[in-house]
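Peer 1: Make a model of this:
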Amino acid sequence: MVAWYTTAWFDKYVKGDPSADARLLTTRWRHDVAEGAIDLNHDANMFSFYYQSRLDIHLGEGGVFDCEDMRTGCAGMTQADGVANPYWYVNVDTTPDRGPVPPNAPTGTGLYPKTAHLL
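Peer 2: Residues are numbered from 1 along each chain as shown. Take a look at the predicted model:
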């Protein structure tokens, strides 16, 4: 889950990837089968029951998403995060970036191979 949110955050704020909002607003971690299988209470919710899991972001299409406790869920969260199950970070790490280079993308960083010629 840490890798999921870290990757989505960097995709949104570094790469300018518009699909990152759906990944940040996912309900995927509230009903994780693997978590339920190993949790002593069979609780499939990966968000902490000790601390509130807050998220407050500006959405790419305008507006704001503000959720004080993602464990209980908030309006605007969705199952449609665009990523197949099961999620495995190695698949993300070994797959090249796709799609057009955003207009504000940093050049020469290796994030966007298409920009390597701009060095």
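Peer 1: and the nearest residue to His31 once chain neighbours are set aside, how many neighbours does it have?
Peer 2: Spatial nearest neighbour of His31, excluding adjacent residues (C-beta to C-beta, 6 or more residues apart in numbering): Ala44 at 5.2 Å. Yep, even glycine has a C-beta here, placed from its N, CA and C like the rest. For Ala44, the neighbour count with other C-beta atoms under 10 Å is 16.
Peer 1: do you know how far Ala44 is from Gly36?
Peer 2: 3 Å (C-beta to C-beta, to the nearest Å).
Peer 1: Gly82 now?
Peer 2: According to C-beta to C-beta, Gly82 stands 23 Å off from Gly36.
Peer 1: So between those two, which is more surrounded?
Peer 2: Gly36 (14 against 10).
Peer 1: the helices in this structure, which residues?
Peer 2: 2-13, 20-24, 33-38, 89-93 (DSSP state H).
Peer 1: Now do the longest one: which elements does it pack against?
Peer 2: Same thing as helix 2-13. helix 20-24, helix 89-93 (3 or more C-beta pairs under 8 Å, 6 or more residues apart in numbering; DSSP states H and E).
Peer 1: Output the first one in PDB, but only the C-alpha positions, please.
Peer 2: In PDB, the C-alpha atoms belonging to helix 20-24 read as follows (Å, rounded to 0.1, in the frame of the first residue of the first chain):
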ATOM      1  CA  ALA A  20      -3.000   9.300 -10.700                       C
ATOM      2  CA  ASP A  21      -6.100  10.900  -9.100                       C
ATOM      3  CA  ALA A  22      -8.100   7.600  -9.600                       C
ATOM      4  CA  ARG A  23      -5.300   5.700  -7.900                       C
ATOM      5  CA  LEU A  24      -5.200   8.100  -4.900                       C
END
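Peer 1: for the nearest residue to His42 once chain neighbours are set aside, what are its contacts?
Peer 2: Spatially, and ignoring its direct neighbours in sequence, His42 is nearest to Gly36 (5.1 Å; C-beta to C-beta, 6+ apart). Counting by C-beta atoms under 8 Å, 6 or more residues apart in numbering, Gly36 touches 42-44.
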